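Asks: would you be able to build a 3D model of this:
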Amino acid sequence: MTQTIHVSLGARSHDVHVGHGLLARAGALIAPFAPTGRVFVVTDQNVARLHRPALVASLEAAGLKNWTITLPPGEETKSFHGLELLCRHLLQAGIDRRDLVVAFGGGVIGDIAGLAAGLVKRGIDFVQIPTTLLAQVDSSVGGKTAIDTPEGKNFVGLIHQPRLVLADLDVLSTLPAREMRCGYAEIVKAGLIGDAEFFAWCESNAARVLDCEPEALARAVGAAVAFKARIVEADEREQGARALLNLGHTFAHALEAHAGYGDALLHGEAVGAGLALAFAHAAGLGYCSGEEARRVRTHLESVGLDTDLRTLPGAPYDPRRLLALMAGDKKAEAGQITLVLARAIGQGFVHKGADAENLRAFLAGEIA
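Replies: Alright, predicted model coming up:
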């Protein structure tokens, strides 16, 4: 069974297909969006080794000519250098404005390929085929594309909606457990923001999801995608409600920057810690109960996500540096930090003008 989640955005509307066996059908599903019959696949070395033959066979069966551009894996690829390299590869390959780019990989590939597609020749259509759990439930949905800079994560980018997203659950069987945990952090985030019942379901079914049991995995991915799609429909350009999707992310992005954007601390691991920090800080401010915050932390730790800043990969962390990084976050306004916190599980809200000294003291207490 395949779930089809429609993202209604007027002329930019598109479908997200979630299910098994989608890679084998990719050519037929992509063909309507490739009027020239030419497809430029952007992937990384790991995904190319594991899954490129299946994608190429599907594209060729649908009569699509295809070229593959293979980039190094890892967050370091999401840089000005990586973007320049990819844009020049596309141009040197002779890409046409009516051709199609296919982002075939995790969040790094989806971000940089989507951004390059939006820039080259002032805009080329693209399709997302996310191959990690995190990319399937988060970065492939919503149209955000970006690269990192030394000043912060995703600071240079644009919103460029894909024409189609194909989330094949079968490819997740090749992911290491660490990558599955990273994606799970973004799944559980949906429940913490606005669906307490889904969070309760996650508490009972997390192990099944992480073990890639078909029914549980399909429900989790479908629910997370549908939740994000509804928020994106209401606020595509993040002027209001879409900011809720950043629950825990102001903490997470600062942690990633502090750790150097390498393999020491992956995005999903930073998000897991950020979610726990958001609830702990909300409890300290009196917005939610300590019991709710402990419940969130307990669940995250039960699936193997580290929420302790003293032992989190990339430690030791300096509270003052974290605070400075948070002050430079994209959501900051007039130099004041904006956080997404919660009044309870399933009740996220945007907290503007966070008290910097209070926040520094909170971080220092978490690190001490």
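Asks: show the contacting residues for Leu169.
Replies: Val18, Gly19, His20, Gln136, Cys212, Pro214, Leu217, Ala218, Val221 (C-beta atoms under 8 Å, 6 or more residues apart in numbering). Quick note: C-beta positions are derived from backbone N, CA and C, even for glycine.
Asks: go with 7 Å
Replies: Counting by C-beta atoms under 7 Å, 6 or more residues apart in numbering, Leu169 makes contact with Gly19, His20, Leu217, Ala218, Val221.
Asks: and it, how far from Glu151?
Replies: According to C-beta to C-beta, to the nearest Å, Leu169 stands 36 Å off from Glu151.
Asks: of the contacts of Leu169, closest to Ala190?
Replies: Using C-beta to C-beta, Val221 comes nearest to Ala190 of the contacts of Leu169, at 10.6 Å.
Asks: what's the closest non-adjacent residue to Ala283?
Replies: The shortest distance from Ala283 to any non-neighbouring residue, by C-beta to C-beta, 6 or more residues apart in numbering, is to Ala293 (4.1 Å).
Asks: which residues does the host helix or strand of that neighbour contact?
Replies: Assigned by DSSP states H and E, Ala293 belongs to helix 290-302. With C-beta under 7 Å, 6+ apart as the test, helix 290-302 has contacts from Leu192, Glu203, Gly272, Leu275, Ala276, Phe279, Ala280, Ala282, Ala283, Thr307, Ala344, Ile345.
Asks: show me the contacts for the residue nearest the centre of the chain.
Replies: Nearest residue to the geometric centre of the chain (C-alpha atoms, centre = their mean): Ser139, 3.2 Å. By C-beta under 7 Å, 6+ apart, Ser139 lies in contact with Gly107, Gly110, Asp111.
Asks: give me the pLDDT for the first one.
Replies: Right, Gly107. Note for Gly107: predicted pLDDT of 96.
Asks: how about it: what's its closest non-neighbour residue?
Replies: Here the residue nearest Gly107, using C-beta to C-beta, 6+ apart, is Ser139, at 3.9 Å.
Asks: how near is that neighbour to Ala364?
Replies: 32 Å.
Asks: equivalent analysis for Phe80, please.
Replies: Distance, Phe80 to Ala364, using C-beta to C-beta: 34 Å.
Asks: for Asn205, same thing?
Replies: From Asn205 to Ala364 the distance is 36 Å (C-beta to C-beta).
Asks: report the buried residues of the lowest-mean-pLDDT helix or strand in the chain.
Replies: Lowest on mean pLDDT, DSSP states H and E among the helices and strands of the chain sits strand 152-159, with a mean of 92. For strand 152-159, burial by neighbour count (16 or more other C-beta atoms under 10 Å) applies to Gly152, Lys153, Asn154, Val156, Gly157, Ile159.
Asks: may I see those arranged in JSON lines, with distance to Phe251 as well?
Replies: Listed next are the buried residues of strand 152-159 as JSON lines, based on distance: C-beta to C-beta, whole Å:
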{"residue": "Gly152", "distance to Phe251": "13"}
{"residue": "Lys153", "distance to Phe251": "12"}
{"residue": "Asn154", "distance to Phe251": "15"}
{"residue": "Val156", "distance to Phe251": "22"}
{"residue": "Gly157", "distance to Phe251": "21"}
{"residue": "Ile159", "distance to Phe251": "24"}
